[in-house]
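*Asks:* I'll drop the sequence and a predicted model, then ask my questions.
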Amino acid sequence: MTLISFLKEILTDTVRTLTSKEGLKNLYCVSLYRNAVYLMLNLIVVAVTGFGFWIVAIKLCSIEGVGLASAAISTICLLALLSDLGLDYRLIRFLPCSGERVRDTINSYFTLREAISVILSFIFLAGLNIWSPALLLIRKHPMFLTTFWFYPELHHSKIPFLVERYNYCV
């Protein structure tokens, strides 16, 4: 079977499934597909609301203010991404095997992530005059400083549902 005929077959099967009520109903019954649709819808909602936020920000604030806010938000998201180090996937992988030590595993995960987040935030804020002098106002304003200390940890808080789920297993 050639690649083109294989792709054509996949495309026709997909169109056939998505255009029939029974095919959609069967897809919705599988939790993997249903959750994938929910995740895609979540991504669309976040993208649209984020786009709307920046449109409102551009209308209400100066161009320089929007640029600085965009740089600050991007930096916070980068710090959150770096502070994660892929630990959430390790937690998902090893949590079911941890048996009686579920709470210890989850607490270790959050403690390590918080420590890494604080260290990375401190390094960024200490070297702010080197890599982005325009963002020095972050160090001067207490609200911005607090946001930079705590938001990277809150940004990736997608694991707390595991605490509730595994409380019943202990």
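*Replies:* Arrived safely. Model, not experiment: these values are computed from the prediction.

*Asks:* what about the longest helix anywhere in the chain, average pLDDT?
*Replies:* Determined from DSSP state H, the single longest helix within the chain is helix 31-60. Helix 31-60 shows a mean pLDDT of 89.

*Asks:* helix or strand right after that helix?
*Replies:* As assigned by DSSP states H and E, the chain's next helix or strand after helix 31-60 is helix 63-84.

*Asks:* got the angle between that following helix and helix 31-60?
*Replies:* Relative orientation of helix 63-84 versus helix 31-60 (axes from the mean of the first three to the mean of the last three Cα atoms, to 10 degrees): 150 degrees.

*Asks:* for helix 63-84, which positions count as buried?
*Replies:* Across helix 63-84, burial judged by 16 or more other Cβ atoms under 10 Å covers 68, 72, 75-76, 79-80, 83-84. For glycine as for every other residue, the C-beta is placed from the backbone atoms N, C-alpha and C.

*Asks:* and the next helix-or-strand element following that helix, what does it pack against?
*Replies:* Using DSSP H and E, the helix or strand that follows helix 63-84 in sequence is helix 87-94. On a contact count with 3 or more Cβ pairs under 8 Å, 6 or more residues apart in numbering; DSSP states H and E, helix 87-94 meets helix 102-126.

*Asks:* what angle separates the helix it packs on from helix 63-84?
*Replies:* Using the same axes, to 10 degrees: helix 102-126 against helix 63-84 is 140 degrees.

*Asks:* from the chain's centre, how far out does helix 102-126 sit?
*Replies:* Chain-centre distance of helix 102-126: 16 Å, with Cα atoms, centre = their mean, to the nearest Å.

*Asks:* done for today, thanks.
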